[in-house]
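Colleague: Sharing a model prediction with you, sequence too.
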Amino acid sequence: QVQLEESGGGLVQAGGSLRLSCAVSGRTFSIYAMAWLRQVPGKEREFVAGIIWSRASTYYADSVKGRFTISRDDAKNTVYLQMNSLKPEDTAVYYCAVALRYSTYLSSPSTYDYWGQGTQVTVSS
């Protein structure tokens, strides 16, 4: 079992920044990848950014490249999503997620085995 606890969401003006945190506990030794995905009402959950745990390789959706950065702190078992130059279209509930098995489809929500409870990010124009 893996437990995820997210924090850091909130309300910010366009152009501002937020940092999301996801603290991981449990079977952390079995993690293959972690990611942040987001969802707005009426739409499918979409991939935002991911990190391969063993290599620290990172991957981003085109919509956030150059603005968002995913990183990890091994000592704290925490993954972060630094979000800069936020836009109103970034408004969503953000989820962190864990994949335990190797996959080449990191952008697919079905790749992930465990999910956090979600944190709301609202960007006002």
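Modeller: That came through, no problem. Since the model is a prediction, treat every value here as computed from it, not as a measurement.
Colleague: tell me the centre residue of this protein?
Modeller: Trp36 (1.7 Å; CA atoms, centre = their mean).
Colleague: which residues in this structure form strands?
Modeller: 2-7, 10-13, 18-26, 33-39, 46-52, 58-60, 68-73, 78-83, 92-99, 114-115, 119-124 (DSSP state E).
Colleague: give me every residue that touches Tyr112.
Modeller: 35, 37, 97-99 (CB atoms under 8 Å, 6 or more residues apart in numbering). (Each C-beta comes from the backbone N, C-alpha and C, glycine too.)
Colleague: Just put these in CSV and tack on distance to Tyr60, pLDDT and neighbour count.
Modeller: As requested, the contacts of Tyr112 are exported to CSV (distance: CB to CB, whole Å; pLDDT from 0 to 100; neighbours: other CB atoms under 10 Å):
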residue, distance to Tyr60, pLDDT, neighbour count
Ala35, 10, 97, 27
Leu37, 12, 98, 26
Ala97, 15, 97, 23
Val98, 18, 96, 26
Ala99, 16, 95, 22
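Colleague: Dump these to TSV, plus distance to Ser17.
Modeller: Below are the contacts of Tyr112 laid out as TSV (distance: CB to CB, whole Å):
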residue	distance to Ser17
Ala35	20
Leu37	20
Ala97	22
Val98	25
Ala99	27
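Colleague: From the residues you listed, pick the one nearest Thr122.
Modeller: Proximity of the contacts of Tyr112 to Thr122 was ranked by CB to CB; the top entry is Leu37 with 17.0 Å.
Colleague: For that closest one, give its distance to Ala75.
Modeller: 25 Å (CB to CB, to the nearest Å).
Colleague: repeat for Thr119
Modeller: 22 Å.
Colleague: Give me the more crowded residue out of these two.
Modeller: Per other CB atoms under 10 Å, whichever of Thr119 and Ala75 has more neighbours is Thr119, with 23 against 6.
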